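Here's my sequence, what's the structure:
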Amino acid sequence: MKFSHATISHSGGREVNEDASGNLMVSSQRGCWVVADGLGGHGGGDIASKIVVKAVIEAYLGSDTHSSGQLLNMFELAQQALLHGQEDDDRFGSMRSTAVVLLLDDTKAWWAHIGDSRLYHFCNGKIAIQTKDHSVPQTMVDAGDIGSDQIRHHEDRNRLTRSLGSNGRVRATVLEHPLSVGIDGVFLLCTDGFWEFVNESEMEFTLANADSPMDWLEKMELVLLDAAPTGHDNYTATAIFSG
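Reported below is the predicted structural model:
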């Protein structure tokens, strides 16, 4: 199985892009992808997301196997890097970040996330799996108080229940067992500034008419820009196609 990929990242209607992304492909059949979103309200969001991406890629460089334990180690190292960054500069003493990481190895996939940056897995052009946000609205969905379609525009959507840079142990959600990836498997990693304005049906519709990862991202970006108001959030998305 070979993989092709593309990424878009933009500051949106903000002065600073607090999103970051990175990838490292050891070969056309094996690699690591990461997307992070620094939490602007805590100061140093742009620094935090870059620290996380750098830590994850460096951790991947130092490993030779894929596993849930490897993902946990990546998040622990990213956590430690953020905490060191907080200590080194008082201005960024409370910086935080979300993160979503995908590992692919021929026909197997592993992933983990923390916060509200999401991973979507598509099979036969349809969403098969979607990560669940670590946020107040998601907690309300789980409790049956609101529907999942109400998360996007909920007044507490930006209130996260988990993030990197917080005190205590890292509480990332990790896929315990690898997922088999078919020849038409597709993955989307994105920050909330992206999925807020591109809903799941629009993801599927644009995918059906896309020739490549970048073509798909550009089509979804047009949807986003048509829906987003002035001053909208940063947005970042990475698309990976198997074939």
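
what's near enough to touch Asn23?
5, 7, 31-34, 57, 238 (CB atoms under 8 Å, 6 or more residues apart in numbering). Glycine gets a C-beta too; all of them are placed from N, C-alpha and C.

Touching the longest helix belonging to the chain from outside, list them.
As assigned by DSSP state H, the longest helix anywhere in the chain is helix 68-88. Contacting residues not belonging to helix 68-88 are listed as 44, 47-48, 51-52, 54-56, 58-60, 63, 92-97, 99, 101, 103, 110-112, 114, 164-165, 170, 172, 174-177 [CB under 8 Å, 6+ apart].

tell me the mean pLDDT over that helix?
Averaging the model's pLDDT scores along helix 68-88 yields 94.

Now it: buried residues?
Across helix 68-88, burial judged by 16 or more other CB atoms under 10 Å covers 68, 70-71, 73-79, 81-83, 85-86.

Ok, stretch 157-169 next?
Neighbour counts over stretch 157-169 (16+ other CB under 10 Å) mark 157, 160, 162-166 as buried.

just stretch 37-48 next, same as before
By neighbour count on 16+ other CB under 10 Å, the buried set for stretch 37-48 is 37-40, 42-48.

Including distance to Gly147, could those residues go into a markdown table?
Below are these laid out as a markdown table (distance: CB to CB, whole Å):
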| residue | distance to Gly147 |
| --- | --- |
| Asp37 | 24 |
| Gly38 | 29 |
| Leu39 | 26 |
| Gly40 | 28 |
| His42 | 29 |
| Gly43 | 34 |
| Gly44 | 35 |
| Gly45 | 30 |
| Asp46 | 33 |
| Ile47 | 36 |
| Ala48 | 31 |
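
The residues you listed in helices, which ones?
Among those, DSSP H puts 45-48 in helices.

would you list every one of the strands in the chain?
Secondary structure of the chain (DSSP state E): strands at 3-10, 19-27, 30-38, 97-105, 108-114, 118-123, 126-130, 173-174, 179-180, 186-190, 235-242.

still on that earlier bit, closest to Phe205 out of the buried residues of helix 68-88?
Using CB to CB, Leu71 comes nearest to Phe205 of those, at 31.1 Å.

Could the C-alpha coordinates of stretch 197-209 be exported in PDB?
Taking Å, rounded to 0.1, in the frame of the first residue of the first chain, the C-alpha atoms of stretch 197-209 are listed here in PDB:
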ATOM      1  CA  PHE A 197     -17.300  25.300   8.500                       C
ATOM      2  CA  VAL A 198     -17.000  22.000   6.600                       C
ATOM      3  CA  ASN A 199     -19.500  19.500   7.700                       C
ATOM      4  CA  GLU A 200     -19.300  15.800   7.200                       C
ATOM      5  CA  SER A 201     -21.700  15.600   4.200                       C
ATOM      6  CA  GLU A 202     -19.600  18.300   2.500                       C
ATOM      7  CA  MET A 203     -16.400  16.300   3.200                       C
ATOM      8  CA  GLU A 204     -18.000  13.300   1.500                       C
ATOM      9  CA  PHE A 205     -19.400  15.200  -1.400                       C
ATOM     10  CA  THR A 206     -16.100  17.000  -2.200                       C
ATOM     11  CA  LEU A 207     -14.100  13.700  -1.800                       C
ATOM     12  CA  ALA A 208     -16.300  12.000  -4.400                       C
ATOM     13  CA  ASN A 209     -15.200  14.700  -6.900                       C
END
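
Cool, thanks, talk later.
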